[in-house]
Structure formats: structure tokens, C-alpha cells
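Novice: Dropping the sequence and predicted coords here.
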Amino acid sequence: MSFFKKFFTKKKEEELDKGLEKTKTGFFSKISKAIAGKSTVDVEVLDELEQVLISSDVGLDTTVKIIDRIEARVAKDKYINTSELNAILRDEIVQLLGENNTVEVEDFSTPEGKFPYVLLVVGVNGVGKTTTIGKLAHQYQLQGKKVVLGAADTFRAAAVDQLEIWAKRVGCDFFSKGMHTDPAAVAYESVQHAINTKADVVIVDTAGRLHTKIHLMTELTKIKRSMDKKMPGAPHDVMLVLDATTGQNAIEQATHFTNATDVTCLALTKLDGTAKGGVAIGISDQFKIPIKYIGVGEGIEQLQVFNKIAFVESMFK
């Protein structure tokens, strides 16, 4: 039994496989073309493979690492045929990701001793931020946890309403001060509300900040400061939500956000709608920040805990 099957139900495994279907189809068709007519893994094959990885949104830096590893393996073993390439590539990606300083989470648990557990969610508009919050709240509710959603996205039209709809859908508490109010004040009072109502988790939504606008980014510092003032150490996590369909732009966004604030974990959405799922490999490798969750479908249950081994095994089925 593979490692990830201990934690993945058959349904979850099937959802992951289906969610990565477009990525797998594009990835392997490119590899097949790259090695067509070749019997051994030579320099030309490695060059072709490098282009496949880059075009699959793995990212240049991570691609170079992977190619260097395969090249070293070819030099050591002297002869590797192209039929072995998929297995070797899979093994090297798993090993590479396993070396990163990331925390592998197994379920939708919250850190011990954090009561309430405070999660601040950031990301640009359109990445599926509010939907991810709703799906995550649902998972916590299934565990019997009391959840509060705080609406600190007070600038975008209907953002407050959208979050409230999700709160009603999953049956959790909701805190808002309405539109055009101070986001930092909303964050502060959301934590206060969670404390007063003895909630287990408070998830605070923020405005979809364009990573190119520094003055909007600095608002995050103000929000974090206000939460820490109410509850020292809060927020316990800052989760950046990224849209997998944007490919390398997701890596660019991650670069700007990690420079602007202390991002502690990532959620990668819309994997089912893209052939660019390889971006997860590059993000995990480059930022050394754990991808905690992935979205593999539109259903409320289709938010999964990210497992590197499960992800790679699914890609190479």
C-alpha cells in the first residue's frame, strides 16, 4: 500500500486523479513526443524533457534541479533507456519535494493549543479565495468545530455577501461590519467575536490585493497587527490562495506576497480546470512553504489536503 492511501479514501483518490487529468494528458503527450524514436536517455532527450517541464509550468529553477538529478543518474548508471524515464522522473520529483522544508499535513486539523485557531487568508481577486474559505469551514464543521468567518474584504462589491452565503451554506457563524469599513477593525472584532462565542476556528477573509500595488499590501501588516493586539500570536497562519490555471503567474504572485507578508501556507485552486498542475511542484520547491490544500473540483467536498507523494503518484498513473 502506498503512503498516501493510508490517508486518502478511494473517493478522494479518484477525485485527485480526475482533477489532474488535464495536467497528466498534456504532460505525458509532451514526454511521448520528446522521446519518440529514442532508445536511450541522451543529451537530446534531456533537452527535450527540460522543455516539457518548463512548458508544464514546473518553473525554470525547479526544472534545472530535476534535469541535473536525472543527468547525474544517467552518468552513474551509464545506460538508461527511455522506457524507464517516467519512473525515474517520478522518483526524482518525489525525492526533490521530500527534501523541502515543508510540513506534511494529513487531515484538516488545527494546531494544538491554539484556541481559537486564527487563519488569515490572502490572495488576488478571482483565485477562488472565498470559495476555498467556505470549503475549509465545511471541513472544520464536519469535525464538530465551531467556526467563525470574518468578512474583512470590505472593498470589493458583494464580497461580504458572498462570504455570508458560504457561512449559511456550511452552517457556521459569520461576522461583518459591512462594506467600506476598516479591514483591520473587522479582523480585530472577528477574533473578539470568536473568543466571546468560544469558537474553535476563525477564518478572516481579506480584499483581493493586487500584488503590484504596494500600498494595498501594507494593509496586511495593519490587519495582522490588529489581530495580534486582540490575541497575541494571531494570526496563527497566513494562507495565500493561488489559482493553478494561471501557471507561472501563480509563482509570480507567491513571490510578491511572500515578500510582503509572512505567508505560512498555500492553497492551490482549480487544478481540475487546467493542464498547468505542474506549477504545484515548482511552488512547493521554490518557496519552502507548505501547500496545505488543493482544489480538485467545484463541489463543497472537493478541497483536499495536499500530499506531495499522492500528487506525484497520481500524475504518473
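Specialist: The structure has been received and is ready for your questions.

Novice: Low-confidence bits of the stretch 201-317 of the chain, can you list those?
Specialist: Regions of the stretch 201-317 of the chain meeting the criterion pLDDT under 70 cover residues 209-216.

Novice: ok, now with 80
Specialist: Applying pLDDT under 80 to the stretch 201-317 of the chain flags residues 208-217, 260, 316-317.

Novice: where along it do the strands fall?
Specialist: 201-206, 237-243, 265-269, 291-295, 303-305 (DSSP state E, counting those that start in this stretch).

Novice: Does residue 183 touch residue 206 like I think?
Specialist: Yes - in this structure, residue 183 is within contact of residue 206 by C-beta atoms under 8 Å, at 6.4 Å. To be clear about C-beta, it is placed using only N, CA and C from the backbone, and glycine gets the same treatment.

Novice: right, and the strands of the stretch 201-317 of the chain - which one's nearest residue 220?
Specialist: Closest to residue 220 of the strands of the stretch 201-317 of the chain, according to C-beta to C-beta: strand 201-206, at 7.0 Å.

Novice: Strand 237-243 and that closest one, what's the angle between them?
Specialist: If you take axes from the mean of the first three to the mean of the last three C-alpha atoms, to 10 degrees, strand 201-206 sits at 50 degrees to strand 237-243.

Novice: which other residues reach strand 201-206?
Specialist: 110, 116-122, 129-130, 133, 136-137, 140, 145-153, 159, 163, 183, 186-187, 190-191, 193-194, 219-220, 223, 227, 235 (C-beta atoms under 8 Å, 6 or more residues apart in numbering).

Novice: Equivalent analysis for stretch 28-47, please.
Specialist: Contacts for stretch 28-47 (C-beta under 8 Å, 6+ apart): 48-49, 51-52, 55-56, 67, 70-71, 74, 79-82, 84-86, 88-89.

Novice: Can you select the buried ones among the residues you listed for me in ChimeraX?
Specialist: The following ChimeraX line selects those of the contacts of stretch 28-47 that are buried, judged by 16 or more other C-beta atoms under 10 Å:
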select :48,49,52,55,56,67,70,74,80,82,85,88,89
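
Novice: Stretch 193-207 spans what distance, first to last residue?
Specialist: Criterion C-alpha to C-alpha, to the nearest Å; first-to-last residue distance in stretch 193-207 is 20 Å.

Novice: Which positions in that stretch come out as buried?
Specialist: The neighbour-count check on stretch 193-207 (16+ other C-beta under 10 Å) flags 193-195, 199-207 as buried.

Novice: Greatest separation within those: which pair is it?
Specialist: 200 and 207 (25.5 Å).

Novice: Which stretch among the strands of the stretch 201-317 of the chain is buried most, on average?
Specialist: strand 201-206 (a mean of 28; mean count of other C-beta atoms under 10 Å).

Novice: export it as PDB, just CAs?
Specialist: What follows is strand 201-206, C-alpha atoms only, in PDB (Å, rounded to 0.1, in the frame of the first residue of the first chain):
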ATOM      1  CA  VAL A 201     -11.600  28.500  14.500                       C
ATOM      2  CA  VAL A 202     -11.900  32.000  13.000                       C
ATOM      3  CA  ILE A 203     -11.100  32.400   9.300                       C
ATOM      4  CA  VAL A 204     -10.700  36.100   8.200                       C
ATOM      5  CA  ASP A 205     -11.100  36.900   4.500                       C
ATOM      6  CA  THR A 206      -9.200  39.900   3.100                       C
END
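
Novice: Name every strand pairing with it and say which way it goes.
Specialist: Applying DSSP bridges, strand 201-206 is found paired with strand 117-122 (parallel), strand 147-152 (parallel).

Novice: Same list, these, but as CSV with distance to residue 26, mean pLDDT and mean neighbour count please.
Specialist: Output for the strands paired with strand 201-206, formatted as CSV (distance: least, C-beta to C-beta, whole Å; pLDDT from 0 to 100; neighbours: other C-beta atoms under 10 Å):
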stretch, distance to residue 26, mean pLDDT, mean neighbour count
strand 117-122, 29, 97, 26
strand 147-152, 36, 97, 28
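
Novice: of these, which approaches residue 251 most closely?
Specialist: strand 117-122 (15.9 Å).

Novice: Packing partners of whatever helix or strand comes next after that closest one?
Specialist: For strand 117-122, the following helix or strand on the C-terminal side (DSSP states H and E) is helix 129-142. Applying 3 or more C-beta pairs under 8 Å, 6 or more residues apart in numbering; DSSP states H and E, we find helix 129-142 packed against strand 117-122, strand 147-152, helix 159-170, strand 201-206, strand 265-269, strand 291-295, strand 303-305.

Novice: and the last one, what does it pack onto?
Specialist: Counting contacts by 3+ C-beta pairs under 8 Å, 6+ apart, the secondary-structure elements packed against strand 303-305 are helix 10-19, helix 129-142, strand 291-295.
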